[in-house]
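1. Sequence and predicted structure below; questions after.
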Amino acid sequence: MSEQQFTPRVFSGIQPSGGLTLGNYLGAIKRFVDMQNEGSFETVYCMVDLHAITTWQDPKDLAHNTRELAAGFIASGISPEKSILINQSQVPEHAQLAWIFNCVARMGWMQRMTQFKDKAGKNAQNVSLGLFGYPALMAADILIYHATHVPVGDDQKQHLELTRDIAIKFNHDFGVDFFPVIEPVIEGAATRVMSLRDGTKKMSKSDPSDASRINMTDDADTIAKKIRKAKTDPDALPSEAAGLEDRPDARNLVNIWAALADISVDDVLKEVGGLQFGAFKPMLADLAVEKLAPIAGEMARLMADPAEIDRILAHGAGQAREITAPILAKTYEIVGMVK
Ligand code: TYM
């Protein structure tokens, strides 16, 4: 661990690659709001458009999706007064530090990244170089703020380990104690929200079946319908968490309830243990509609005024650069670049 004292600072990001899901909301955004409101951290939240273009994005869609994601952040409770809200490409120090980290990270480290292997599939020779270097840019996103805490869903764990490795190697290679060794924050009932059609698969915006996920733009009827149709098993709900083992679909719905209501899985089961899914699902649908439909409504309202969203992002970029410019300048000095 690092000896230097760093300001407690949270950084996290989401790709504006279209369609925020309930997984993004429960695994990430809701936690971002909690950490913002807790008051013990400075918080920086980011639309990572440079990451999004590691796979093809239609330019018009990218601009729309970036604004929609900003609207999703704000509608969920991220306040531009309390947090710094930015679009990654508007803060050039992210990409500048990423280049330095491309020269610190090793090919072998990148080749071990399971997300790269999953995304590249059998096509590894034909994906972009950017997709391969993705985790070095992610490390730069975090470390250009000297962030100390990074809230994410479970699928980002390996990327955060690599961020730690990059900080340690940079500090070691240059004989400094400059970059913090971050703490991943992967907590709560919803670190891995699963598909509503298959409780063994992650809920994802790229799943071909729209019924597999709840989109943050879905209206009340659609949310309720998707939950009523969610895959389940024929047994009643157990009264303790241990009874959910080997029941991935049931466990997923109970986890979603716990995360939406901000209570533990045991507390959910105290309320609903013994019920059949026929009775449980309408209750869960009501809870989901109560929590999510107002966010969709607020997103639509914000999207009606894109100029206001752009103004908020420009302001955020200005605030961000007050932190990132001196950290980049110091990094260049450490590396030996002439000013
Ligand atoms: P992305 O855009 O895929 O997802 C954004 C966040 O949502 C979480 N998430 C989920 N959590 C629970 N259940 C799910 N089904 C689910 N699906 C997505 C992700 O874990 C993530 O926290 N590489 C990142 C973006 C990024 C980033 C960063 C994150 C770029 N730079 C720096 C943190 C710090 C990504 O692709 O997230």
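-> Great, that's in hand.
2. Return the distance of the residue in the stretch 51-200 of the chain that the ligand sits nearest to relative to residue 239.
-> Taking Cβ to the nearest ligand atom, the ligand has its nearest neighbour within the stretch 51-200 of the chain at residue 153, 2.4 Å off. For the C-beta atoms, the positions are set from N, CA and C on the backbone; glycine is no exception. Note on residue 153: its distance to residue 239, by Cβ to Cβ, to the nearest Å, is 28 Å.
3. the more surrounded of these two?
-> Neighbours per residue, other Cβ atoms under 10 Å: of residue 153 and residue 239, the larger number sits with residue 153, 20 against 14.
4. Leaving out sequence neighbours, find the closest residue to that one.
-> The shortest distance from residue 153 to any non-neighbouring residue, by Cβ to Cβ, 6 or more residues apart in numbering, is to residue 27 (3.2 Å).
5. Quick one: residues contacting the residue of the stretch 201-339 of the chain found nearest the ligand.
-> Nearest residue of the stretch 201-339 of the chain to the ligand (Cβ to the nearest ligand atom) works out as residue 203 at 4.0 Å. With contacts taken as Cβ atoms under 8 Å, 6 or more residues apart in numbering, residue 203 has the following neighbours: 21-23, 193-196, 212-214.
6. just those that are near the ligand?
-> Restricting those to those touching the ligand (Cβ under 6 Å from any ligand atom) yields 23, 193.
7. can you tell me the helix or strand for residue 150?
-> strand 149-151 (DSSP states H and E).
8. following that strand, which helix or strand comes up?
-> Per DSSP H and E, the helix or strand that comes after strand 149-151 is helix 157-174.
9. From the rest of the structure, what touches the next helix or strand after that following helix?
-> Where DSSP H and E defines the elements, the next helix or strand beyond helix 157-174 is strand 183-185. With contacts defined as Cβ under 8 Å, 6+ apart, strand 183-185 is touched by 10, 31, 35, 148-152, 156-157, 160-161.
10. ok, which stretches of the stretch 201-339 of the chain are helices?
-> 220-228, 248-261, 265-272, 277-303, 306-335 (DSSP state H, counting those that start in this stretch).
11. Let me see the contact set for the residue in the stretch 1-150 of the chain positioned nearest to the ligand.
-> Closest approach between the stretch 1-150 of the chain and the ligand, counting by Cβ to the nearest ligand atom: residue 27, at 2.0 Å. For residue 27, the contact set (Cβ under 8 Å, 6+ apart) comprises 152-154, 190-193.
12. how about it, secondary structure?
-> Here residue 27 is recorded as helix under DSSP: H, G, I helix; E, B strand; the rest coil.
13. okay, it: pLDDT?
-> With respect to pLDDT, residue 27 scores 97.
14. Below-threshold pLDDT in the stretch 151-300 of the chain: ranges please.
-> The model of the stretch 151-300 of the chain has no residue with pLDDT under 70.
15. near the ligand, which residues of it?
-> 152-153, 155-156, 159, 190-193, 202-203.
16. now swap in the stretch 1-150 of the chain and tell me
-> 11-15, 23-24, 27-28, 48, 51, 138, 141-142, 150.
17. Buried among the residues you listed? Make that a ChimeraX selection.
-> In ChimeraX, this line selects whichever of these come out buried by 16 or more other Cβ atoms under 10 Å:
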select :11,12,13,14,15,23,24,27,28,48,51,138,141,142,150
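18. closest to residue 128 among the residues of the stretch 1-150 of the chain next to the ligand?
-> Residue 128 has its nearest neighbour among those in residue 51, at 11.3 Å by Cβ to Cβ.
19. Might you report the residue contacts of the nearest residue to the closest one once chain neighbours are set aside?
-> Excluding its sequence neighbours, the residue lying closest to residue 51 (Cβ to Cβ, 6+ apart) is residue 15, at 5.2 Å. Contact analysis of residue 15 by Cβ under 8 Å, 6+ apart lists 47-49, 51-52.
20. and residue 15, what pLDDT?
-> 98.
21. Going forward, the N-terminal residue is numbered 48.
-> From this message on, residue numbering opens at 48, which makes the last subject residue 62.
22. returning to that earlier point: now the contacts of residue 74 in JSON lines, with distance to residue 178?
-> Listed next are those as JSON lines, based on distance: Cβ to Cβ, whole Å:
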{"residue": "199", "distance to residue 178": "19"}
{"residue": "200", "distance to residue 178": "19"}
{"residue": "201", "distance to residue 178": "21"}
{"residue": "237", "distance to residue 178": "27"}
{"residue": "238", "distance to residue 178": "24"}
{"residue": "239", "distance to residue 178": "22"}
{"residue": "240", "distance to residue 178": "24"}
